[in-house]
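Colleague: Fold the following.
(one chain, ligands or ions: 1)
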Amino acid sequence: MRKPNFKAPKDWDRRWLLLAELMASFSKDPSTKVGAVAVRDRRVLSTGFNGMPTGVVDSSFRLNDRDVRLSMTVHAEMNVINFAARNGVSLMGSDLFIFPLAPCSNCASSIIQAGVRRVIVYDYVIPQRWQQSFDTAAEMFSESGVALLRLPEKEEKEPEEDVSNIRIENPTITPRHQCLKTHYPLDSVLSIKPTNALAWSLDRLNMALASILFLLLWKAPHAGNSGRSISASRKTNASN
Ligand SMILES: [Zn+2]
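Modeller: I've put the predicted structure just below:
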């Protein structure tokens with residue numbers, strides 16, 4: 001069984017923007033492919049992408065002639081609203097996710113009238129030819145109380161725990177297997193290991209030398225006595 005070859009973003013807004021991106025890929029527009037998704041309570045209400053109205057022939061001539069294309073194309077946002085209306089679905093209080101462009105002023109009018117609560121887009125650079133229309137749309141949203149969110153494309157990662165300042169108590173007497181069971185990263189364990197091993201070896205060497213010295217000092221007088229007693233017994237034997 002095949003699994004999805006991508007990981008869903010943690011943030012739900014970005015999840016719906018991903019779906020809007022997928023909808024954009026359905027568009028046959030050779031210049032700009034736009035997708036939109038209306039969502040409420042984490043459920044999809046309607047989807048849309050830019051293209052000719054249903055039944056209108058989208059021939060390559062019409063698609064490739066800019067003036068003809070622009071005069072016939074229904075924008076993705078309008079398709080979302082139209083299909084919701086066709087199916088008797090209210091968009092009141094919904095969120096509208098659009099990829100990759102923010103709405104034009106014409107679509108903004110219908111978005112406001114449909115009762116959309118928030119419009120969410122990525123923080124992309126707006127093409128110069130659309131700038132004025134988008135500025136007008138943003139002004140209309142602001143006045144009518146529709147929130148326009150422009151998300152940065154990259155999701156901010158949660159900061160990882162900084163372990164560089166963690167001190168390991170008595171590292172020289174911590175057995176390796178215990179180190180590996182703690183939450184310290186393996187790198188930090190390995191980085192203190194050579195120093196520990198050296199300190200441990202020197203410790204043991206000192207103890208061994210001290211033991212040998214002690215034994216020599218302790219044995220020396222006994223060895224002398226025994227030597228003297230043997231020679232004394234030899235002398236005794238010789239005199240006998
Ligand atoms: Zn539009």
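
Colleague: use CA for all of it now, contacts and neighbours both
Modeller: OK.

Colleague: Can you identify each of the strands in this structure by residue range?
Modeller: Listed in chain order, the strands of the chain (DSSP state E) span 35-40, 43-49, 95-99, 118-122, 147-151.

Colleague: what pairs with the second one, and is each one parallel or antiparallel?
Modeller: Using DSSP bridges, the strands paired with strand 43-49 are strand 35-40 (antiparallel).

Colleague: circling back: could you dump the strands of the chain to TSV with mean pLDDT?
Modeller: Converted to TSV, these look like this (pLDDT from 0 to 100):
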stretch	mean pLDDT
strand 35-40	98
strand 43-49	98
strand 95-99	98
strand 118-122	97
strand 147-151	97
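
Colleague: deepest of the ones you listed, which one?
Modeller: strand 95-99 (a mean of 28; mean count of other Cα atoms under 10 Å).

Colleague: my guess is Val89 meets Arg40, correct?
Modeller: No. The pair formed by Val89 and Arg40 falls short of the contact definition of Cα atoms under 8 Å, at 11.2 Å.

Colleague: Is stretch 28-44 in proximity to the ion?
Modeller: No. Using Cα under 5 Å from the ion, stretch 28-44 never reaches the ion; the gap is at least 9.7 Å.

Colleague: can you pull the contacts of the nearest residue to Ser105 once chain neighbours are set aside?
Modeller: Closest residue to Ser105 apart from its sequence neighbours, by Cα to Cα, 6 or more residues apart in numbering: Ala137 at 4.3 Å. If a contact means Cα atoms under 8 Å, 6 or more residues apart in numbering, then Ala137 has 103-106, 108-109 as its contacts.

Colleague: what residues does the protein put near the ion?
Modeller: Counting by Cα under 5 Å from the ion, the positions of the chain adjacent to the ion are 75, 104, 107.

Colleague: Out of those, grab the one that's most surrounded.
Modeller: Most neighbours among these, by other Cα atoms under 10 Å: His75, with 23 neighbours.

Colleague: quick one on the thing from earlier: show me the one in the contacts of Ala137 that has more neighbours than the rest.
Modeller: Neighbour tally across the contacts of Ala137 (other Cα under 10 Å): the maximum, 27 neighbours, falls on Pro103.

Colleague: Report the contact partners of Val146.
Modeller: Neighbouring residues of Val146 by Cα under 8 Å, 6+ apart: 112, 116-119.

Colleague: let's go with 7 Å and repeat that
Modeller: Contact analysis of Val146 by Cα atoms under 7 Å, 6 or more residues apart in numbering lists 117-118.

Colleague: what separates it from the ion, distance-wise?
Modeller: As for Val146, its distance to the ion is 16 Å (criterion: Cα to the ion, to the nearest Å).

Colleague: Which pLDDT value belongs to that residue?
Modeller: Looking at Val146, its pLDDT stands at 98.

Colleague: Next: Lys10.
Modeller: For Lys10, the pLDDT comes out at 93.

Colleague: for the one 10 residues further on, same thing?
Modeller: pLDDT, Ala20: 98.

Colleague: Distance-wise, check it relative to Ala210.
Modeller: As defined by Cα to Cα, to the nearest Å, Ala20 lies at a distance of 78 Å from Ala210.
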